[in-house]
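Asker: Pasting the sequence and the predicted model now:
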Amino acid sequence: MKCYWIISLLLISFLSCTNRIYLHRIKGYFNSDNIKSRGRWLSEDCHSYFIEKKGDGEDKVSALNSFLNWDAPLHPDLRILNYTVKGNICTIEFNEQNDFSKLIQYPGWKGTEIIRFNSKKLIDQVIYIPANDNPDYKTWLKPAVDWLQNKYPDEIIEIYKGGKLIKNPVTARKWVLLLQRWRKVTGSK
């Protein structure tokens with residue numbers, strides 16, 4: 001009986017340690033703001049998928065370039081709401097904020113990522129599933145866009161066309177500067 005308890009405690013300790021390693025790596029991956037930092041958590045053969053694992057997905061280089069194009073310059077700030085670990089698969093529920101969402105006071109995008117780790121404890125598969133009940137960020141953005149269209153019509157055209165964000169590193173930084181200006185001048189809280 002004593003041996004059973006010792007084995008159980010060792011197993012729980014081992015699983016707890018593995019869970020902490022996975023969670024540490026996920027937090028590092030989530031809150032990286034450059035591709036070197038983000039890439040260190042990914043295996044060379046990592047693939048990312050949107051909503052479901054379908055087709056080849058995005059390879060590591062494409063996923064990192066996509067991240068560099070918009071998310072990295074806006075400094076992601078993901079808060080883990082809940083997570084489960086089963087073997088080498090972690091299911092993470094999170095709320096994502098960044099400089100853009102914070103400046104318009106958007107509550108953030110909720111979602112789930114199903115992350116699989118390989119034998120080296122590197123991420124080799126990510127499936128991103130946005131929450132169905134995320135509010136439309138455009139409601140929070142509208143007051144700023146209205147003001148910017150009136151005060152800075154030439155600049156807003158460079159970053160927002162046809163009711164859509166133009167997403168690249170330059171426009172991401174420009175959004176932050178213009179939204180900061182909007183907040184300062186209008187006193188928007």
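Answerer: Sure, I can see it.
Asker: How about the contacts made by S66?
Answerer: Residues near S66 by CB atoms under 8 Å, 6 or more residues apart in numbering: E58. Every residue, glycine included, has its C-beta placed from N, CA and C.
Asker: what do you get for the one 10 residues further on?
Answerer: Under the criterion of CB under 8 Å, 6+ apart, the contact partners of P76 comprise F30, N31, S32, D33, E96, Q97, N98.
Asker: Show me the two of the residues you listed that sit farthest apart.
Answerer: S32 and Q97 (14.7 Å; CB to CB).
Asker: who's more crowded, the two?
Answerer: When S32 and Q97 are compared for neighbours, S32 comes out ahead with 20 against 17, by other CB atoms under 10 Å.
Asker: any idea which helix or strand carries the more buried one?
Answerer: Under the criterion DSSP states H and E, no helix or strand holds S32.
Asker: these two touch, right, it and R25?
Answerer: No: in this structure S32 lies outside contact range of R25 using CB atoms under 8 Å: 10.9 Å.
Asker: Give me the common contacts of these two.
Answerer: The contact lists of S32 and R25 share W41, where a contact means CB under 8 Å, 6+ apart.
Asker: Just the buried residues out of the contacts of P76, in ChimeraX syntax.
Answerer: A single ChimeraX command selects the buried members of the contacts of P76 (16 or more other CB atoms under 10 Å):
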select :30,32,33,96,97,98
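Asker: need the contacts of P76 in a markdown table with distance to L122 and pLDDT, can you?
Answerer: Formatted as a markdown table, these follow (distance: CB to CB, whole Å; pLDDT from 0 to 100):
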| residue | distance to L122 | pLDDT |
| --- | --- | --- |
| F30 | 15 | 82 |
| N31 | 17 | 80 |
| S32 | 14 | 81 |
| D33 | 20 | 79 |
| E96 | 22 | 94 |
| Q97 | 26 | 95 |
| N98 | 25 | 96 |
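Asker: which residues in this protein form helices?
Answerer: For the chain, the helices defined by DSSP state H cover 2-30, 35-39, 60-69, 99-103, 137-151, 153-159, 169-186.
Asker: And these: which comes nearest I127?
Answerer: I127 sits nearest to helix 60-69 of all these, at 12.1 Å, using CB to CB.
Asker: Can you list the buried residues in that closest one?
Answerer: K60, A63, L64, F67, L68.
Asker: in the protein, what spans have low per-residue confidence?
Answerer: Low-confidence segments of the chain, defined by pLDDT under 70: 1-18, 188-189.
Asker: domains of it?
Answerer: Following automatic domain parsing, the chain resolves into domains at 2-130, 137-186.
Asker: what residues are up against the nearest residue to K102 once chain neighbours are set aside?
Answerer: Nearest residue to K102, sequence neighbours excluded (CB to CB, 6 or more residues apart in numbering): D77, at 7.7 Å. Contacts of D77 were listed using CB under 8 Å, 6+ apart, and they are N31, E96, Q97, N98, K102.
Asker: Kind regards, and thank you for your time.
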